[in-house]
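Asks: Compute the structure for the input listed below.
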Amino acid sequence: MDHLIDRAERALSLDLCDHCLGRLFARVDTGLSNRERGESLRMAVAWRRALEDRKPLPPHQRCQICDELFEMVPRFAQAVVEKLRSVEFDTFLIGTRIDPLILEKEERLWEMVGQDRAEPIKAEMNQEIGKAVQGMIPQEVDFSSPDVVALVDTRFCHVELDVSPLFIYGRYRKYSRAIPQTRWPCNRCRGKGCTKCNNTGKMYQTSVQEIIGEPIRKWAEGTDHFFHGMGREDIDARMLGNGRPFILEVREPKRRRLDLEALENEINMAGKGVIDVRDLRFSSRDEVRRIKLAIPDKEYRVRVQFESKVNKEQLDEVVQSLKRIRITQQTPARVAHRRADLAREREIKGLVLEEFDGSSATFRLRTEAGTYVKEFIHGDSGRTIPSLAERLGIPCSVEWLDVIEIADQN
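Replies: Below is the predicted model:
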């Protein structure tokens, strides 16, 4: 204990407030606040000096480190509470900006008495404002994933809010073969607007993302939205069956308590005949990571045209040979301009002939995630081996393709 009092007495060669004195010993114990710890140490130093018949410490007047900054905590807390009225939230956290001159003085004090048990003033100010704010509002402090962070600039008593995104999970079905999953910027102007895109900045006038995202953004009073899908289908492919999981991220939302049932109805009315959604619920950034990393099997229905008549017996034999088989796919020619030219192995896990009329057929197939189904049908000029076309010995083309199941719930 004596060595702590020795160190406190050295620190008190400067005029320190109890906060700045106690903060030097913040890691000694956890049962006291820095102010209480500083008050105790100041008293211990005074008693020892009295016992040793030494001159008393001069009375505290103004802290030479923080300039009595902690007296401003109630004002900072009130400013935070007023600022927080502009957004809906359930959890919050406080951050601060401290005058650099104060930080320099604190570092010089550490050099003088040591910092091995000290806590920075920024950490204590965050705690003190946080405690004061918590006493004024019903919402809780959350250190890991707060809805909003209130950043207090202690030089000007100015508060900025860093509002966490709002995440909403759902599943969508797409009935159109003419819209992309996400916004597609014009490839000439890159979104700025030009004659090619009629100054819209987009290659397609709408998308799954926009039909879902705009109503949610408006309800949440956010600034923008981002779409995180569990994979994506081609523009000309429908997404049917149980729908594709997605999470819609809304940036800087002012409202978080949305009526998701009403929102689902509004989206489905706006997207009637084009897309619909179901199972909307609130989500998180962690679930976004899980969705982006998921690799579920997928089931498809595909309509195939044969360049010449096909014998049913031969087709049945080919289907049997391709039912459970590993294929090698070089990056398809249609996407080679934007993806690395790699060879990948994928598994065809099931193949069933559903309809056949001699010159065309409908198949249902189940594949490993990442399989290029169109290329498995036509072979992509030998870049996919084996393929339906290769096994039949005639050119095949895809008339249409539907995704009919995302097997993420198995």
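Asks: Roughly how far does Ile168 sit from Thr206?
Replies: Ile168 sits at a distance of 19 Å from Thr206 (criterion: C-beta to C-beta, to the nearest Å). Where you see a C-beta, it was placed from the backbone N, CA and C, and this is true even at glycine.
Asks: hang on, I meant Leu21
Replies: The span separating Leu21 from Thr206 equals 63 Å under the rule C-beta to C-beta.
Asks: Neighbour count for those two, which is higher?
Replies: Shown here are Leu21 and Thr206; by other C-beta atoms under 10 Å, Leu21 has more neighbours (27 against 19).
Asks: and the closest residue to the more buried one other than its chain neighbours, which of the three is it?
Replies: Ranked by C-beta to C-beta, 6 or more residues apart in numbering and with sequence neighbours excluded, the top spatial neighbour of Leu21 is Gly38, at 3.6 Å. Per DSSP: H, G, I helix; E, B strand; the rest coil, the local secondary structure of Gly38 is helix.
Asks: how about Gly38, what does it touch?
Replies: Leu16, Cys17, Asp18, His19, Cys20, Leu21, Gly22, Arg23 (C-beta atoms under 8 Å, 6 or more residues apart in numbering).
Asks: cool, and Phe156?
Replies: Counting by C-beta under 8 Å, 6+ apart, Phe156 has no contacts.
Asks: Phi first, then psi, for it.
Replies: In terms of degrees, to the nearest 10, the main-chain angles of Phe156 are phi -120, psi 0.
Asks: Per-residue pLDDT of Gly114, please?
Replies: The per-residue pLDDT reported for Gly114 equals 88.
Asks: same deal with Val87?
Replies: In the predicted model, Val87 carries a pLDDT score of 97.
Asks: Glu233: what's it in contact with?
Replies: For Glu233, the set of contacting residues under the criterion of C-beta under 8 Å, 6+ apart consists of Lys174, Gln181, Met239, Arg244, Val403.
Asks: Please identify the helix or strand for it.
Replies: Following DSSP states H and E, one finds Glu233 outside all helices and strands.
Asks: Please tell me how far it sits from Val373.
Replies: Using C-beta to C-beta, we find Glu233 at a distance of 10 Å from Val373.
Asks: Please apply the same query to Leu322.
Replies: Counting by C-beta to C-beta, the separation of Leu322 from Val373 is 12 Å.
Asks: same deal with Cys189?
Replies: Cys189 is 33 Å from Val373, by C-beta to C-beta.
Asks: ok, those two, which is more surrounded?
Replies: The residue with more neighbours, out of Cys189 and Val373 and counting by other C-beta under 10 Å, is Val373; that gives 21 against 16.
Asks: Correct me if wrong: the more buried one contacts Tyr300.
Replies: Yes: contact between Val373 and Tyr300 holds when scored by C-beta atoms under 8 Å: they sit 5.3 Å apart.
Asks: Now for those two: what residues contact both?
Replies: When C-beta under 8 Å, 6+ apart defines a contact, the residues bordering Val373 and Tyr300 alike are Leu365, Thr367, Leu401.
Asks: Was I right to think the first one contacts Ile348?
Replies: Yes: at 6.4 Å, Leu365 and Ile348 qualify as touching, with contact defined as C-beta under 8 Å.
Asks: quick one, helices of the stretch 251-400 of the chain?
Replies: With helices called from DSSP state H, counting those that start in this stretch, the stretch 251-400 of the chain shows them at 260-270, 285-293, 312-321, 373-378, 388-392.
Asks: Can you say which of these is nearest to Ala123?
Replies: helix 285-293 (24.9 Å; C-beta to C-beta).
Asks: Mind listing what's buried along the closest one?
Replies: Of the residues in helix 285-293, those buried by neighbour count under the rule 16 or more other C-beta atoms under 10 Å are Glu287, Val288, Ile291.
Asks: quick one: Arg183 and Gly222, what's the gap?
Replies: 15 Å.
Asks: Then Gln205?
Replies: When C-beta to C-beta is the yardstick, Gln205 and Gly222 sit 22 Å from each other.
Asks: ok, the two, which is more surrounded?
Replies: Taking neighbours as other C-beta under 10 Å, Gln205 and Gly222 compare with Gly222 leading, 21 against 12.
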